[in-house]
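**Student:** sequence unknown, structure follows:
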């Protein structure tokens, strides 16, 4: 079965950086788009970045463009999200997710989330 496990969250000062990881298992990794979402207290979950694991095409929300970088290592079945120039507005639980294909950005499988706190 599909399993997604995030790691790398934590507390960081404003202006700092973090790298989140999402290890996937239970399917052929390079067939499905991976995405990162976040949910801040009292707010709806929002998509921040996604990557086509086949050709490496990336997508970013305007709010994180230029500050976040999504990447993947297909040999490790792992997606990464590098967060930089962090502000308190970036505080949220970050989730990785798997889409239904590399070309249909609908996400149906989710990790448990990892907390990022910026102070």
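**Tutor:** Perfect, thanks for sending it. What you are looking at is a predicted structure, and each value in this text was computed from that prediction instead of being measured.
**Student:** could you use CA atoms for every contact and neighbour count after this?
**Tutor:** Noted.
**Student:** so what's residue 89 up against?
**Tutor:** residue 118 (CA atoms under 8 Å, 6 or more residues apart in numbering).
**Student:** count of neighbours near the nearest residue to residue 78 once chain neighbours are set aside?
**Tutor:** Distance criterion CA to CA, 6 or more residues apart in numbering; nearest residue to residue 78, sequence neighbours excluded, is residue 23 at 4.4 Å. Residues near residue 23, counting by other CA atoms under 10 Å, number 18.
**Student:** tell me the pLDDT at residue 23?
**Tutor:** pLDDT recorded at residue 23 is 97.
**Student:** any idea what the residue nearest the centre of the chain is bridged to?
**Tutor:** Centroid-nearest residue in the chain, with CA atoms, centre = their mean: residue 36, separated by 2.5 Å. Note on residue 36: beta-bridge partners by DSSP bridges are residue 49, residue 96.
**Student:** got the contact list for it?
**Tutor:** 47, 48, 49, 50, 81, 94, 95, 96, 97.
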